[in-house]
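Colleague: Need a 3D model of the following:
(chains A and B)
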2 protein chains.
Amino acid sequence: MGIGDDAAILQPSPGTQLTVSTDTLVADVHFKSNDPAEAIGHKALAVNLSDMAAMGATPKWVLLNLTIPSYDKKWLNGFIKGFATLLAKYNVQLIGGDTTQGPLNIAVTVVGETLHAIRRDGAQVNDLIVVTGEIGSAAFALSNPRRSKVCNTQLKTPEPRLDIAAQVSGYATAMIDVSDGLLADLGHICEASEVIAVIELSQVPINPIVQKHHDWIQYVLAGGDDYQLCFTINMDDEENLPVDCHIIGQILAPHENQTEQVMVLHHHQPIVTNFKGYQHFKDE
Amino acid sequence: MGIGDDAAILQPSPGTQLTVSTDTLVADVHFKSNDPAEAIGHKALAVNLSDMAAMGATPKWVLLNLTIPSYDKKWLNGFIKGFATLLAKYNVQLIGGDTTQGPLNIAVTVVGETLHAIRRDGAQVNDLIVVTGEIGSAAFALSNPRRSKVCNTQLKTPEPRLDIAAQVSGYATAMIDVSDGLLADLGHICEASEVIAVIELSQVPINPIVQKHHDWIQYVLAGGDDYQLCFTINMDDEENLPVDCHIIGQILAPHENQTEQVMVLHHHQPIVTNFKGYQHFKDE
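Modeller: Residues are numbered from 1 along each chain as shown, chains lettered A, B, ... in the order given. Next comes the predicted model:
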């Protein structure tokens, strides 16, 4: 298939669209340098597979650009084990890459196939807003590393929601993964779809341990790194939703007096949010 | 086309194969930190387009994973200028990427289309061996940075040989780009094709300034980083060769007493070579 040639050769299935996505992971930004290598290998692939889930696509092929400070066989074996286990789980093929010596840097590119890509710009007025899993767990674990094993797993070895994506890709009108934070990512859907959203915080699935923390609202609304899906569906499709899908709000038409793209209610009372999503540069 | 979505959406042309390749560039390995940003942007893309040339493919889409230490607007503008100028020259579209904060690291992934990919494994006994351009100039420039402006250009801002690739892709039997050094890369063709090669050093195109250097043979045979093409053709196709293509040898059948995959003659006398190609790890 091309490993050992200058490029890999792909033969896409007839009639499909290809989806292509890439993410870079940098030590002490996207993972801790002392995280187990196997977890780092898992996460590097998982965050990219999550982008395929968000498009309603099936991941097929992966390229890995791995820059490592030295040839540390033990670390490499661990990394590859985490990476390859997830590859095998979703039947994805490693078709190429590049290994280079330098400060640790991991870039993964994934190519998927879909008959019909789900974009961010398809949300319609009155659509229901759905999220999967638990929101805020990764951010909680980042700030409170010893407080919850479950949340720590969601931070260190997140599972891409390809299971849900496959089930809802026939009717989801818009979809995104919650990697920048719920408010920011739902905001991306609203912006692309030219709509606004209202969500009810008490309907958002939250780990009980997270909910007890005084900063829980920030973790849930602005935390990011969750790799759950946020998507919209027509109201008629509510009954089709698979398990672990939670309706948290509704899409509304934009209006003149709106102050926010995503309005947040908590037990029906509006709450003020001024969180920003994940900042990609400290000097932004 | 998907920038702003979780993934880019591609619609390949019917009947084509896709070629996918990726290369990472690290500071002070693949370029000098103080190289002009525009040259770095050019080279990062050029070395990837060169892989498409080596496959006989037309580059169509590119993803850029850029990790930079800080948001240095002047550097970024220079980098993007070099990158975008080359994109425009070959009508290639930037469809996605990721920008991250960390030690400088540039990973570029390119997707091309071809009706018929040219691999490394197609060289036939009696085929002629052809190289483009000048070989050894980049390695010479690396070791002698102030000696030749022309060689320095070949090192800092190499031009992918998409011009030649387009003209020979109908009949080249095997092809590779000379990025690891002529001996190593021709060796890759021989290994994949299960043949051996003999080349005549006096036929290899070499910049006169390089040829005057006491280490010229090493630059030419083991230098690497040239991004010229090395390919094989049937003897009948010699007359079809475009300009700047130079026949340097011939493919032979492997035999029991062979000691090397690539035999090097200099004015018909065998010379002993024990150069290794580019080592990707210092501790290899």
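Colleague: Could you use CA atoms for every contact and neighbour count after this?
Modeller: Will do.
Colleague: Would you mind measuring from residue A:143 to residue B:72?
Modeller: 29 Å (Cα to Cα, to the nearest Å).
Colleague: let me fix that: residue A:97
Modeller: 28 Å.
Colleague: and the helix or strand that contains residue A:129, what does it pack onto?
Modeller: For residue A:129, the enclosing helix or strand under DSSP states H and E is strand A:128-132. For strand A:128-132, the elements it packs on are strand A:229-233, strand A:245-252, judged by 3 or more Cα pairs under 8 Å, 6 or more residues apart in numbering or on different chains; DSSP states H and E.
Colleague: Neighbour count: residue A:97 and residue B:72, which is higher?
Modeller: residue A:97 (24 against 10; other Cα atoms under 10 Å in any protein chain shown).
Colleague: who's in contact with residue A:112?
Modeller: A:18-20, A:52, A:57-61 (Cα atoms under 8 Å, 6 or more residues apart in numbering or on different chains).
Colleague: if you set the cut-off to 6 Å instead, what comes out?
Modeller: A:18-19, A:57-60 (Cα atoms under 6 Å, 6 or more residues apart in numbering or on different chains).
Colleague: Leaving out chain neighbours, which residue sits closest to it?
Modeller: Closest residue in space to residue A:112, ignoring its immediate chain neighbours: residue A:59 at 4.0 Å, by Cα to Cα, 6 or more residues apart in numbering or on different chains.
Colleague: and chain A, which residues reach chain B?
Modeller: Proximity of chain A to chain B, by Cα under 6 Å from any Cα of the partner chain, involves residues A:6-11, A:17-23, A:51, A:97-98.
Colleague: Apply 7 Å and report the result again.
Modeller: Residues of chain A lying near chain B by Cα under 7 Å from any Cα of the partner chain: A:5-11, A:17-24, A:26, A:51, A:54-55, A:65, A:71, A:96-98, A:100-103, A:107, A:119-120, A:176, A:280-281, A:283.
Colleague: now these: which count as buried?
Modeller: With neighbours counted by 16 or more other Cα atoms under 10 Å in any protein chain shown, the residues of chain A next to chain B contain buried members at A:5-10, A:17-24, A:26, A:51, A:54-55, A:65, A:96-98, A:100-103, A:107, A:119-120, A:176.
Colleague: Where strands are concerned, which of those residues count?
Modeller: A:8-10, A:17-24, A:26, A:65, A:96-98, A:100-101, A:107, A:176 (DSSP state E).
Colleague: Count the neighbours of residue A:237 for me.
Modeller: With other Cα under 10 Å as criterion, residue A:237 counts 14.
Colleague: what's the distance between the closest residue in space to it that isn't next to it in sequence and residue B:245?
Modeller: Spatial nearest neighbour of residue A:237, chain neighbours left out: residue A:171 (7.3 Å); criterion: Cα to Cα, 6+ apart. Distance from residue A:171 to residue B:245, counting by Cα to Cα: 55 Å.
Colleague: Where does pLDDT dip in the stretch 1-150 of chain A?
Modeller: For the stretch 1-150 of chain A, the stretches with pLDDT under 70 are A:1-4.
Colleague: Going along the chain, name the helices of it.
Modeller: A:37-54, A:73-89, A:137-143, A:149-156 (DSSP state H, counting those that start in this stretch).
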